Structures are given as structure tokens and as C-alpha cells.
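S.K.: Need a 3D model of the sequence below.
(3 chains)
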Amino acid sequence: MSFTHSAANNAYNDHAFALVDCNNFFVSCERVFDPKLRNRAVVVLSSNDGCIVSRSQEAKKLGIPMGAPLHEYLPLMLAHNVAIFSSNFVLYGDMSNRVMDALDQFTPYKEIYSIDEAFLELNFIDPAERSRYARIIRETVIQQTGIPISIGIAPTKTLSKIANRVAKTSPEWNGVLSLYDAHNVDEILKITEVRDIWGIGRRLALRLRAEGIYNAYDLKCAPDKWIRKNLSVTGLRMVLELRGTPCAELAYRSPKKSITSSRSFGRPVEKIAALEESIAHHATRIGEKLREEELCARLLFVHFRTSYFREGPRHNVTEGPVLIVPTAHTPKLIAAAQKVLKRTFKPSFAYTKSGIIVNDLVSDSHIQQDLFVVEETREKEEKLMRLIDSVNQLDGKRTIFFGASGANHSWSAKHDRRSQNFISSWDELPRVRA
DNA sequence: TCTGGGGTCCTAGGACCC
DNA sequence: TCTGGGGTCCTAGGACCC
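M.R.: Numbers count the residues shown, from 1 in each chain, chains lettered A, B, ... in the order given. Got it, this is the predicted structure:
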């Protein structure tokens, strides 16, 4: 490779953010393990098989929108022989790690932004060479992981998002667009609708359009004062970024501020017993996540609610915060959460979702010790948790679990169309020859 | 019958303090 | 009976992201 990371090449003291985005990520993951799905319309559903969260190009062409409820589009999809999958997050997580690892060959400066996106810093590459470099990244990732990606390169993160979007949707760019090449950047901003700018959601888009601001170029030209007043500092930063002034750097793994575990039920739940089980289950997941991140939580919220869509009496509870001694100890989390649930539960409602949120997270290495628990007890607790975690990691989830979280999970979510765990379970490895 | 889950950031307003 | 201004912290709510 003729590109080097040498100091001599580091003369470009601008920024060059490359946004790498996996195309139709969940669908692409399914396709890696079943080549017959190529050229066929494919969708992947959200948890509980509720709505459509990933669509192949063919599925998009059929007019299936992002986030659409399954039941509305099921007839259309059956008529067109669309392949439908429940989400398989274990598989997608593994594939994501592979893609992210592959990117490390090209730059030491990487921010993993989401399961299917990463920002790279490419300022050590000659501006005129950046798109050629990006093409090599793209080919390498496809070859090493089977996942197709698109890359947008620009002096700010916001512009790199826009470049990425254009690279992905206009075939002429073939998946890579660098705004450092000789283009009229304003022309690209003009074809970018305001709703498609990173940070502009449905509400803001409506307000902007009412003001006659229809695309990214219009927004770029809007007066600072008006932006500050109507879109707050977030909006001002966004506009500066559109003008090429970076307001955000690469963010390396920042410590988490809150952790959530929540799920919709497979069917509505009325009895407190089922709710208690689900809450214990979420407390268990929260404990695992906390220990993974070496954190302890100080505040806990319990959440449960009825459906937003069904008829009937509504009840929506987010109770908390309750203070807990900083902990990642599952039984303590279960006890605290169930206490809150017992206090706030009301019978005769059809609940469709429950969950737990923990806040105010501190590193487990310097938590304030509970004066009433002797050091020895705490060490025992930690040892037990570590043991349970390692058994569950080696022998599969819920090999060991707390009785409070129940054995049957009559309330658990549906996932009738899940693919196999091709790479995380020995029993489900793909067969080359049967 | 059927509509996801897990996050972050900003602002306004109230409580409280000096 | 009169009674300011400024700061901090917390929370709820809104908006956004993938």
C-alpha cells in the first residue's frame, strides 16, 4: 500500500472525518450466512417482531418504510416473497465487532458511533488521496467481513454524515464521497433535505420548513442569531459544522451515564407475579451490564406501562429514583426494584412493557463503602457474581439465574423468525456440506 | 392480534442558599 | 412590615440519535 502514516504525511493539520456506515446492516448480516438472500427482498424486525427496522434495497423499492409495523405490511411482503427475520442481536453484535476490527488496519483514530457506524480520522492522508484511501477501506471490509459499507469524508462530522448519505444513495459515487475532491459542496447541501441533517428530527424539520428553510444549504445561510434563539446551542453548532468549522471531535469511549434494560411483553400482562419476574430479569441484565463496565449504580428507576396503541385504561409508571448503595450486586438490584414495583403496582391494567433504568454510575474501584456491610461480605458477593457471570458466558445465558426472574417467562417477547446463532453457538455453526 | 430498545443533550422552572 | 440578586442543584420534559 502506498499510503503511509509517517510524520511527513501529518502535515495536514485540518480535520478529515470519515463516516463509515454499513449498508442495511442487519439485512447484510443475514445475507452473509445465506447467499440465497442476495437479490431478494429481505427485512429484519425489531424485538418482539413488532416493526421493520432494516430493509434490503429491494424491500425499500416495494415501498416498505423504516419503522413500519409488521402487521400493516405483512400481506404485501407475503405477496412479494419477502424474506422476514426476527432480530438476532448476538449475530449482529459479532458482525459489528468484525467490521470495527477491520477498520483498525487503516487508522488508529476511530470512534465507534453505533452498532453499524464509525467515525475515522484521516487527516494524515493527502486530501487528494482520501477518496482513493476510502475505496481501499471499503474493498477490504467487504472482502474480510462480507458487509458492504459506504464512506463519506469531510472536514466536520456533520458534513461527513451528509457526504456518506449521498455516497450511499447516488450510484454515481459507488459508495465513497470525499468533499475534498473538487465538488461544489453547496450543490451537495442543496440536494440534502433539512430532515436528513444529523440532529434535525421530525419536529425541528417542520419548524424549519415553516421558516422557508428546506435544505442544508438554506440552513447554512441562516443568521446565527435566529439559529441560537430557535435551535439552541445544539443548532448553532450544527450550522457551524455545515459551514466547515468543526465543533465536535472524535469521542473515544466515554463512560456511560445510564444503563437501561427493558422489553415489551409477548402479550399483555395483568398479574403482579409476571411483572415481578420480568423486573427481576431486567435487574439481572442491569447487574451483568454494570459488572461488564466495572460500574456501580446509585439510582434506580422502575418502569412499566400499558400499550400506547391499544384501547382501554392507560397507566404509565416511571418510579424513582430510589437511592441504593452503589452496587452491581444482582440480588440487591432485584430487591430494590421489586420493592418499588410492589409499592406502585396497580391491578386491572393490561401492561405491555417493563424495564429498569439505573443512573449516577460510579467506577466500582472507588465506591463509597456501605458502613453496615463488612468488607468480607462484600468480597464474597463480588466473587459469587463473577462466578455466575463466567458460567453464563461459557455455558450460555441463564445457565445460572435467580429464582425471582422465573423459569418459564410466559411474558417474554416473540421472535418467531430468528436466524441461527451462526458464529456464537457451536450447535448452530453454518454447514458447508450437510 | 399485531407498533423496539437503548441512549444523549438541552432548557426551563422550582427549591434552596447566601 | 419591609424584603434583592445571584448562584447551584435537581427534575421533568422535549428533542434527537441509531
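S.K.: low pLDDT regions in chain A?
M.R.: Within chain A, the set of residues satisfying pLDDT under 70 comprises A:1-13, A:253, A:366-374, A:433-434.
S.K.: in the strand or helix carrying A:Thr377, what's buried?
M.R.: Secondary-structure assignment from DSSP states H and E places A:Thr377 in helix A:375-395. Judged by neighbour count using 16 or more other Cβ atoms under 10 Å, the buried positions of helix A:375-395 are A:381, A:385, A:388-389, A:392. (Glycine included, C-beta is placed from N, CA and C.)
S.K.: For those, work out which two are farthest apart.
M.R.: A:Glu381 and A:Asn392 (16.7 Å; Cβ to Cβ).
S.K.: would you turn the buried residues of helix A:375-395 into a markdown table with distance to DNA strand B?
M.R.: Shown next, in a markdown table, are the buried residues of helix A:375-395 (distance: Cβ to the nearest atom of the strand, whole Å):
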| residue | distance to DNA strand B |
| --- | --- |
| A:Glu381 | 23 |
| A:Met385 | 18 |
| A:Ile388 | 19 |
| A:Asp389 | 17 |
| A:Asn392 | 17 |
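S.K.: Show me which of those is closest to A:Arg314.
M.R.: Here the nearest of those to A:Arg314, counting by Cβ to Cβ, is A:Asn392; it sits at 36.6 Å.
S.K.: nearest residue to the closest one other than its sequence neighbours?
M.R.: What sits nearest to A:Asn392 in space, not counting adjacent residues and going by Cβ to Cβ, 6 or more residues apart in numbering, is A:Thr399, at 5.3 Å.
S.K.: ditto for A:Gln105
M.R.: Leaving out its chain neighbours, the residue that sits closest to A:Gln105 by Cβ to Cβ, 6+ apart is A:Thr140, at 6.9 Å.
S.K.: Enumerate every residue touching that neighbour.
M.R.: A:Thr140 makes contact with A:102, A:105-106, according to Cβ atoms under 8 Å, 6 or more residues apart in numbering.
S.K.: sec struct for A:Ile324, please.
M.R.: Going by DSSP: H, G, I helix; E, B strand; the rest coil, the secondary structure assigned to A:Ile324 is strand.
S.K.: how much space is there between the nearest residue to it once chain neighbours are set aside and DNA strand B?
M.R.: Once its chain neighbours are removed from consideration, A:Ile324 has its nearest residue in A:Ala336; the separation is 5.1 Å (Cβ to Cβ, 6+ apart). The gap separating A:Ala336 from DNA strand B is 17 Å, by Cβ to the nearest atom of the strand, to the nearest Å.
S.K.: residues contacting A:Ala336?
M.R.: When contacts are counted by Cβ under 8 Å, 6+ apart, A:Ala336 is found next to A:283, A:300, A:322, A:324.
S.K.: Likewise for A:Glu292?
M.R.: With contacts defined as Cβ under 8 Å, 6+ apart, A:Glu292 has no neighbours.
S.K.: next one: the one 3 residues further on
M.R.: For A:Leu295, the contacting residues are A:255-256, A:259, A:328, A:361-364, taking Cβ under 8 Å, 6+ apart as the criterion.
S.K.: Mind checking which of these are in strands?
M.R.: In strands, judged by DSSP state E, the following of those are found: A:259, A:361-363.
S.K.: For PyMOL, what selects the buried ones among these?
M.R.: The buried residues among the ones in strands among the contacts of A:Leu295 can be selected in PyMOL (16+ other Cβ under 10 Å) with this line:
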select buried, chain A and resi 259+361
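S.K.: Which two among the ones in strands among the contacts of A:Leu295 are spaced furthest apart?
M.R.: Farthest pair in these (Cβ to Cβ) is A:Ile259 and A:Ser363. Separation: 13.9 Å.
S.K.: before we move on, back to that, nearest to DNA strand C, out of the contacts of A:Ala336: which one, please.
M.R.: A:Val322 (10.4 Å; Cβ to the nearest atom of the strand).
S.K.: Look up which residues are beta-bridged to the closest one.
M.R.: With DSSP bridges applied, the residues forming beta bridges to A:Val322 are A:Leu300.
S.K.: OK, contacts around it?
M.R.: Remark: with contacts taken as Cβ under 8 Å, 6+ apart, A:Val322 is in contact with A:299-301, A:336, A:339-340.
S.K.: ok, A:Phe402 touching A:Leu333?
M.R.: No - A:Phe402 sits out of contact with A:Leu333 when judged by Cβ atoms under 8 Å, with a separation of 10.0 Å.
S.K.: who has more neighbours, those two?
M.R.: The residue with the greater number of neighbours, taking A:Phe402 and A:Leu333 and applying other Cβ atoms under 10 Å, is A:Leu333; the counts read 26 against 17.
S.K.: if I pick that one, what's in contact with it?
M.R.: For A:Leu333, counting by Cβ under 8 Å, 6+ apart, the contacting residues are A:283-284, A:286-287, A:297, A:300, A:324, A:327, A:356, A:358.
S.K.: With A:Glu30 instead?
M.R.: Under the criterion of Cβ under 8 Å, 6+ apart, the contact partners of A:Glu30 comprise A:37, A:42, A:44, A:83, A:85, A:88, A:419.
S.K.: can you rerun that using 6 Å?
M.R.: Counting by Cβ atoms under 6 Å, 6 or more residues apart in numbering, A:Glu30 touches A:85, A:419.
S.K.: Surely it is within a strand?
M.R.: No - assignment of A:Glu30 by three-state DSSP gives helix, placing it outside any strand.
S.K.: so how far is DNA strand C from it?
M.R.: For A:Glu30 relative to DNA strand C (Cβ to the nearest atom of the strand), the value is 17 Å.
S.K.: Can you tell me how far that residue is from A:Tyr92?
M.R.: 9 Å (Cβ to Cβ, to the nearest Å).
S.K.: Grab the nearest non-local neighbour of A:Met238.
M.R.: Counting by Cβ to Cβ, 6+ apart, A:Gly199 is the residue found nearest to A:Met238 once chain neighbours are left out, at 5.0 Å.
S.K.: cool, A:His329 as well?
M.R.: Beyond its immediate neighbours in the sequence, the residue positioned closest to A:His329 (Cβ to Cβ, 6+ apart) is A:Glu381, lying 5.1 Å away.
S.K.: And for A:Arg417?
M.R.: Counting by Cβ to Cβ, 6+ apart, the nearest residue to A:Arg417 once its immediate chain neighbours are dropped is A:Ser86, at 4.3 Å.
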